[in-house]
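K.L.:
Can you look at this prediction? I've put the sequence above it.
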Amino acid sequence: MKGAVVTTLRFEKPVDPDRTKMLGWEGRLEPLSVVRNKVILEPLHDLNADEAIPLLVTLADGTEVSFLLRPPRRQAWDWADQQVDVFKDRDSYAAMHSALQRALEENGTLTEENARYRKEETSEDHALATLIASGALAQTPFKVVDRFSGRDERATVEAKVFKGKGKAAVVLTIKNLDPEQPWSMTSARLVTKDRGDERAVAIRTTFREIAPGASGVMALVVDKSAFLEEGHWTSLFLEIYRYDGLRQALIQLDPYLVAR
């Protein structure tokens, strides 16, 4: 469970709201809500790593199901559950159907990722991003034209903006200030300034996640074509979002970076 993220427990049968309760939840979760066969939970804030809140769910037929509500694990690839389907018999048709749907969704995601990786293997922009991230800037056509830095309670960010031949690049050096939580990126978006249309950006990093106290490098390369909108030059916004969904960096890229 994660702060301000609603988690729904969905059961096969209706839930008895009078006999469904949490212990020691005050100040940490909103009062639970029961809607037919669903129990809705919402933490007020992130639970501490050692916290576990007991929950007893009683179905209308008298069946009792016990849970321990815990925060997500500290790995960057773990996410808080938003809906959990609970089945009495894992071999029932409903349980098997639910498992099949999850498997099909995961397979579709993996297929899309494999196709993206194959495309990136032959991408010039990704090759340039790899060289920059590894520190081999001399082997690229880029020259630094701007620098800036930022800081919040979770991380410091030092950025360099580069101008190249028909391409622009950004290098971010990120230091994780959190004493426990690894830093990771959930997404990067490149959008036009006026209309918010998404543009392609090549990304390479030296990390999967950044350990507490450590630093990592992220390199991003943008092609000249991204700066064109209906035949006219436009500025771009590069947005970097971290593991908790908050925006870590916002960088404006202007057409002069790719002008001859």
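P.N.:
That came through, no problem.
K.L.:
pLDDT below threshold where in this protein?
P.N.:
Along the chain, segments meeting pLDDT under 70 span 1, 73-81, 89-122, 260.
K.L.:
if you set the cut-off to 80 instead, what comes out?
P.N.:
Filtered on pLDDT under 80, the chain yields the residue ranges 1-4, 49-50, 72-82, 87-122, 259-260.
K.L.:
Spell out, range by range, the strands that occur in the stretch 151-260 of the chain.
P.N.:
Along the stretch 151-260 of the chain, counting by DSSP state E, counting those that start in this stretch, strands occupy 155-163, 167-176, 185-192, 198-199, 202-205, 215-223, 228-229, 232-233, 236-242, 247-253.
K.L.:
Actually, the stretch 1-150 of the chain.
P.N.:
With DSSP E, counting those that start in this stretch, the ranges of strands along the stretch 1-150 of the chain come out as 7-11, 21-22, 33-35, 38-41, 53-58, 64-69, 83-86, 143-151.
K.L.:
What is the first one packed up against?
P.N.:
Contacts of strand 7-11 with other secondary structure elements, assessed using 3 or more CB pairs under 8 Å, 6 or more residues apart in numbering; DSSP states H and E, are made with strand 38-41, strand 83-86. Yep, even glycine has a C-beta here, placed from its N, CA and C like the rest.
K.L.:
Look up the closest residue to the residue nearest to the spatial centre of the chain, ignoring the ones flanking it.
P.N.:
Residue closest to the average C-alpha location in the chain (CA atoms, centre = their mean): residue 186, at 2.6 Å. Take residue 186 and drop its neighbours on the chain: the residue closest to it by CB to CB, 6 or more residues apart in numbering is residue 241, 5.0 Å away.
K.L.:
Check residue 182 too.
P.N.:
residue 209 (4.0 Å).
K.L.:
how far out from the middle of the chain is stretch 171-183?
P.N.:
Remark: stretch 171-183 is offset 15 Å from the chain centroid, using CA atoms, centre = their mean, to the nearest Å.
K.L.:
Pull out the buried positions in that stretch.
P.N.:
171-172, 174, 176, 178, 181-183 (16 or more other CB atoms under 10 Å).
K.L.:
from those residues, which two are the most distant?
P.N.:
Greatest spatial distance in those: 171 and 181, 23.6 Å, computed using CB to CB.
K.L.:
contacting residues for residue 86?
P.N.:
9-12, 65 (CB atoms under 8 Å, 6 or more residues apart in numbering).
K.L.:
And it, how far from residue 71?
P.N.:
20 Å (CB to CB, to the nearest Å).
K.L.:
just residue 149 next, same as before
P.N.:
Residue 149 is 31 Å from residue 71, by CB to CB.
K.L.:
more crowded one of those two?
P.N.:
residue 71 (18 against 10; other CB atoms under 10 Å).
K.L.:
okay, now the nearest residue to the more buried one once chain neighbours are set aside: neighbour count?
P.N.:
Nearest residue to residue 71, sequence neighbours excluded (CB to CB, 6+ apart): residue 47, at 4.0 Å. Counted with other CB under 10 Å, residues neighbouring residue 47 total 20.
K.L.:
and if you look at residue 256?
P.N.:
There are 12 residues near residue 256, going by other CB under 10 Å.
K.L.:
list the contacts for it?
P.N.:
Contacts of residue 256 by CB under 8 Å, 6+ apart are residue 163.
K.L.:
Residue 12 versus that one, what's the distance?
P.N.:
As for residue 256, its distance to residue 12 is 61 Å (criterion: CB to CB).
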